[in-house]
Structures are given as C-alpha cells and as structure tokens.
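**Q** The following block contains a protein sequence and its predicted model.
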Amino acid sequence: MAWSGARVRGCPEALVNLFHRRWCVPVLAEVYGATVSRDSTGARFIGLMHRLGVGRAALRETVEFATAHGWLRRNPGYGHPLRPELVLTPRGTRIGPACVSLVRLLRVRGLEETGLRKWPLPVIWSVGEGSGRFVEIRATLPGITDRALAAALRTAVKSGLLSRTVFEGSPPGVAYAVTRSGRAITDRVREIATALE
C-alpha cells in the first residue's frame with residue numbers, strides 16, 4: 001500500500017499555544033461553565049484549585065499564560081487580591097464551549113491526563129487534517145521536536161486515537177490515521193482551532 005499524503009496547512013499557532021500548558025483547556029472550560037451557570041465561586045482561583053486538583057503555582061502560571069494569550073482576565077468588579085475571580089475575554093468565550101466539550105469527552109474516555117499534555121492533541125489534529133507521515137506531521141506543527149513528536153505519536157497510538165500502518169513502497173515508511181474513537185476528539189480539537197482563528 002503506497003501512501004499519498006495531501007499537503008495540509010500548518011497547525012494554528014494559537015492551538016499549539018492553548019495546549020502548551022496542561023491546565024489551560026480545563027481552566028477555560030471551568031470558567032466558561034461557571035459563566036453559563038452564573039456560579040461566581042466556580043470562577044474563583046481557589047475554587048478552580050479544588051475542583052481541578054491543581055496546585056497553586058501551576059494554576060497561577062496557567063492563569064498568567066491564558067491572560068497573556070488573551071483568553072482570560074481577572075474580573076475587574078471583584079477586587080479581592082488574594083481570592084481573584086476570573087472571567088473569559090471575548091476570545092476565551094468563543095473557545096469555551098469547545099473546551100468544555102473536549103474536557104468532558106476526555107474524562108468519559110479516561111484520557112484527560114494523556115490528551116491534555118502539550119503535543120498529543122495538536123498531533124491528532126494534524127493527522128486529522130491530512131498529514132499521515134512523520135515528516136508531514138512535523139512540518140505542520142511549529143516548535144515540535146522529533147523526540148516530542150515520536151512520544152506524542154506513541155501516546156496517541158497507545159490510547160487508540162491513532163492507528164499506525166507500516167507500508168512498503170517507494171519510499172517505504174509508516175503512516176498514521178485517526179481511528180474511529182479518535183474522530184470525536186479530533187472534531188472537538190477542530191472546533192477549538194476554528195474558534196481560535
């Protein structure tokens with residue numbers, strides 16, 4: 001079986017940035033959920049720490065990161081400096097529903113820890129967009145190293161989100177494809193990528 005990969009556009013830098021921090025998508029999902037339910041305690045720093053089970057330093061770094069990228073900000077109407085309340089910016093509000101949907105799906109499938117690492121979901125996005133070979137996938141992902149890509153591919157295959165096929169031909173090689181169980185996750189990541197544009 002010969003592989004004829006299609007040329008795909010690069011992964012949006014904003015998508016790579018979103019998955020750069022393990023807690024970014026869950027934080028945006030929680031703040032969006034708190035906004036929709038009008039539960040102000042759900043958007044407070046300490047509430048996020050407890051609900052997500054994240055440490056103070058990791059959450060502080062994530063909030064600073066999400067704020068720097070224009071997805072999140074402190075609520076200007078809630079002034080307690082030790083217990084800040086967070087709100088989504090308009091950009092954060094656009095990706096909020098897709099973040100909620102992705103986190104729920106990953107939790108149901110027991111893939112939250114795996115899926116929310118830095119590279120697996122951008123890699124799955126790339127494969128879902130038409131990249132199939134290692135060099136094609138790497139070309140679509142800004143900043144990924146060969147080692148990080150190999151690890152992300154192994155993780156995605158082990159989790160059942162990608163399949164790996166060795167084929168003979170000229171040149172011989174390996175091709176990756178999104179599995180049936182990976183399609184729903186790919187669709188959620190695509191929704192986020194579209195909202196980030």
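**A** Structure received.
**Q** can you give me the helices for the protein?
**A** Secondary structure of the chain (DSSP state H): helices at 13-18, 24-37, 45-52, 56-68, 90-108, 112-115, 120-128, 134-140, 146-158, 180-196.
**Q** so of those helices, which one's packed in deepest?
**A** Using mean count of other CB atoms under 10 Å, the stretch among the helices of the chain with the largest mean neighbour count is helix 120-128, at a mean of 27. No exception for glycine: its C-beta is placed from N, CA and C like everyone else's.
**Q** Who are the packing partners of that helix?
**A** Judged by 3 or more CB pairs under 8 Å, 6 or more residues apart in numbering; DSSP states H and E, the packing partners of helix 120-128 are helix 13-18, helix 134-140, helix 146-158, strand 162-167, strand 173-178, helix 180-196.
**Q** just checking, Gly33 touches Val100?
**A** Yes: in this structure, Gly33 sits in contact with Val100. The criterion is CB atoms under 8 Å, and the distance is 5.9 Å.
**Q** got the helices of the chain as TSV, with mean pLDDT and distance to Pro172 columns?
**A** Listed next are the helices of the chain as TSV, based on pLDDT from 0 to 100; distance: least, CB to CB, whole Å:
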stretch	mean pLDDT	distance to Pro172
helix 13-18	85	30
helix 24-37	89	37
helix 45-52	87	45
helix 56-68	93	41
helix 90-108	93	34
helix 112-115	85	29
helix 120-128	91	19
helix 134-140	90	13
helix 146-158	94	17
helix 180-196	89	25
